[in-house]
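S.K.: Sequence and predicted model, in that order:
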Amino acid sequence: MFLGMPIGVGVWTGLVALALSPLYNLLASAWGGVQFQAAIIEAPVGLPYGHHAGRSAKVRGIASGRRG
C-alpha cells in the first residue's frame, strides 16, 4: 500500500493527461494556448563550481489565450 498508492496515482494521472491532451489541443487552437515570453541572456564568465558561461533563456512571463 505504501508504494502502490503513489505509483497508482502517478499512472492514473498520466493516463488522464494523455486522454485529455487531444481536448487541450483542440481548445488551444481556438484560444491560443499557453505562450511563453523569454529573453536570451549571456551568462557571466568565470562562474565557480563547474558552471559554464554561455547562453541561457530567462522566462519573463507566461500568458494564456490570444492577445488583441
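M.R.: That came in fine, so what should we check first? Residues are numbered from 1 along each chain as shown.
S.K.: Now do the helices in this structure.
M.R.: Taking DSSP state H to define them, one finds helices in the chain at 4-31.
S.K.: shaky segments in it?
M.R.: 40-68 (pLDDT under 70).
S.K.: let's see 90
M.R.: Residue ranges of the chain with pLDDT under 90: 1-2, 24-68.
S.K.: check contacts around Ala28.
M.R.: Val34 (Cβ atoms under 8 Å, 6 or more residues apart in numbering). Yep, even glycine has a C-beta here, placed from its N, CA and C like the rest.
S.K.: mind checking how far it is from Val16?
M.R.: Using Cβ to Cβ, to the nearest Å, one gets 17 Å for the distance from Ala28 to Val16.
S.K.: so how far is the first residue of stretch 30-38 from its last?
M.R.: By Cα to Cα, to the nearest Å, the extent of stretch 30-38 from end to end equals 23 Å.
S.K.: got it, and stretch 24-38?
M.R.: By Cα to Cα, the extent of stretch 24-38 from end to end equals 23 Å.
S.K.: Can you list the buried residues in that stretch?
M.R.: Neighbour counts over stretch 24-38 (16 or more other Cβ atoms under 10 Å) mark no residue as buried.
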